[in-house]
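Asker: test case, fold it:
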Amino acid sequence: MHHRSYEFWVKTASAVTMVMVSLMIAAKCWAWLASGSASMLGSLTDSLMDITASAMSFLVLGYALRPADDDHRFGHGKAEALAGLGQAAFIAGSGCLLAFHGIERVFNPVVLSHSMLGVWVSIFAIACTLVVVFVQTKVVNHTESIAIKADSVHYKGDIILNAAVLVAILLAQNGVQYADPLFAIGVAGYLLYNSWDIARQSADHLMDKELPDEEKSQIVEIANSHADVFGVHDVRTRQGGKVKFIQMHLELEDTLPLIRAHYVADEVVAMIKSQFDCEMDILIHQDPLSLSQPQVSEPQNS
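Answerer: Numbering: from 1, shown residues only. From the prediction side, this is the model:
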């Protein structure tokens, strides 16, 4: 994907997220102060963590989008994974604090007031979150950005979270007082689970995890489809931000002229890039066919 297009999409997602979450925070703060709902506080806490993580991601993405330079020859894409780890830490912290608050409310229940305000705020929050998820899904489909993907996974779960708050308030309004703190504890568990999932995905990028098997198989199949290629081995892949890095060895005819071997490698690179809508850095080593085949040892005379 072209650098400018990638930059446009991720910045659009960040801007929409910041605006929508800011609106939700204002509404939830008003509803929590008016009702005293623990689950509403949980939802407010989650939104505060959301906007903090999203703001951090916005700043880090600005750095990750920088092109490669003399000090960072492979680019700055791994900064996106660092943003993901930061998000995981914030979310885990908010989950622990919310769990403690919910447990305290179980032993010291509080009668909710202005519960209908909380209902309408929850409905408003669900609508805002749907807008965020729609935009982020579009951006992830275009860019495969891990930072935006981490946000998207979290906000998809937030739709369920806000629905849970809505149910908790309605149950409390009908005399089920323990529903509010129990739902708050459930939200805390959800936050902790998501923090682990985001941290795992970020760590995979930082530790240079291989691309999915389907993509690797497609890359090998494309390389093997070239008329002058007799095989492919030692394929290595990883992803850093928007760039997918691929290394491989091509098995070529022993008598193939060096200039032709060079052009074959260039043609294979072009064939692979034409099948993937993303930025790729492909390094190919050309091996003589006779040296690529396993050598059979002759039996020794006794």
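
Asker: rest of the way, CA atoms for contacts and neighbours
Answerer: Noted.

Asker: what is the burial count for G36?
Answerer: For G36, the neighbour count with other C-alpha atoms under 10 Å is 17.

Asker: hmm, I typed the wrong one, I wanted V268.
Answerer: For V268, the number of neighbouring residues by other C-alpha under 10 Å comes to 22.

Asker: let me see the contact set for it.
Answerer: 222-223, 226 (C-alpha atoms under 8 Å, 6 or more residues apart in numbering).

Asker: out of these, which end up buried?
Answerer: Applying a neighbour-count criterion of 16 or more other C-alpha atoms under 10 Å, the buried members of the contacts of V268 are A223.

Asker: okay, and which of the contacts of V268 map to strands?
Answerer: Members of those lying in strands (criterion: DSSP state E): none.

Asker: could you export the contacts of V268 as a markdown table, including pLDDT and distance to V132?
Answerer: Converted to a markdown table, the contacts of V268 look like this (pLDDT from 0 to 100; distance: C-alpha to C-alpha, whole Å):
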| residue | pLDDT | distance to V132 |
| --- | --- | --- |
| I222 | 95 | 37 |
| A223 | 95 | 39 |
| H226 | 94 | 43 |
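
Asker: the protein: strands as residue ranges?
Answerer: Under DSSP E, the chain gives strands at 229-240, 243-252, 279-288.

Asker: partners of the second one, with directions?
Answerer: Strands flanking strand 243-252 in the sheet, each with its direction: strand 229-240 (antiparallel), strand 279-288 (parallel) (DSSP bridges).

Asker: tell me how far V243 lies from I126.
Answerer: With distances taken as C-alpha to C-alpha, to the nearest Å, V243 is found 34 Å from I126.

Asker: likewise H101?
Answerer: Counting by C-alpha to C-alpha, the gap from H101 to I126 is 23 Å.

Asker: same question for V232.
Answerer: In terms of C-alpha to C-alpha, V232 sits 50 Å off from I126.

Asker: which of the contacts of V268 fall in helices?
Answerer: With DSSP state H as the criterion, helices contain 222-223 from among those.

Asker: pretty sure L48 sits against L23.
Answerer: No: here L48 does not reach L23: they are 11.2 Å apart, not a contact under C-alpha atoms under 8 Å.

Asker: who has more neighbours, those two?
Answerer: Using other C-alpha under 10 Å, the more surrounded residue of L48 and L23 is L48, with 19 against 14.

Asker: so who does the more buried one touch?
Answerer: By C-alpha under 8 Å, 6+ apart, the contact set of L48 is I25.

Asker: how about the contacts made by D151?
Answerer: D151 touches 54, 136, counting by C-alpha under 8 Å, 6+ apart.

Asker: distance from stretch 15-25 to the middle of the chain?
Answerer: 19 Å (C-alpha atoms, centre = their mean, to the nearest Å).

Asker: what does it contact?
Answerer: With C-alpha under 8 Å, 6+ apart as the test, stretch 15-25 has contacts from 44, 47-48, 50-51, 54-55, 124-125, 128-129, 131-132, 135.

Asker: report the buried members of the residues you listed.
Answerer: Among those, those classed as buried by neighbour count (16+ other C-alpha under 10 Å) are 44, 47-48, 50-51, 54-55, 124-125, 128-129, 132, 135.

Asker: could these be laid out in TSV, adding pLDDT and distance to H285?
Answerer: Shown next, in TSV, are the buried ones among the contacts of stretch 15-25 (pLDDT from 0 to 100; distance: C-alpha to C-alpha, whole Å):
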residue	pLDDT	distance to H285
L44	79	54
S47	76	49
L48	80	50
D50	73	45
I51	77	46
S54	72	41
A55	76	42
F124	85	56
A125	81	54
C128	86	50
T129	85	48
V132	86	44
V135	87	41
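
Asker: so which of those residues are in helices?
Answerer: Those of those lying in helices (DSSP H): 44, 47-48, 50-51, 54-55, 124-125, 128-129, 132, 135.

Asker: OK, contacts around the residue lying closest to T45 once chain neighbours are set aside?
Answerer: Once flanking residues are discounted, T45 sits nearest to S94: 6.6 Å by C-alpha to C-alpha, 6 or more residues apart in numbering. By C-alpha under 8 Å, 6+ apart, the contact set of S94 is 45-46, 49, 188, 191.

Asker: over to W196?
Answerer: 88, 92.

Asker: for it, give its distance to T237.
Answerer: From W196 over to T237 the distance is 24 Å, taken as C-alpha to C-alpha.
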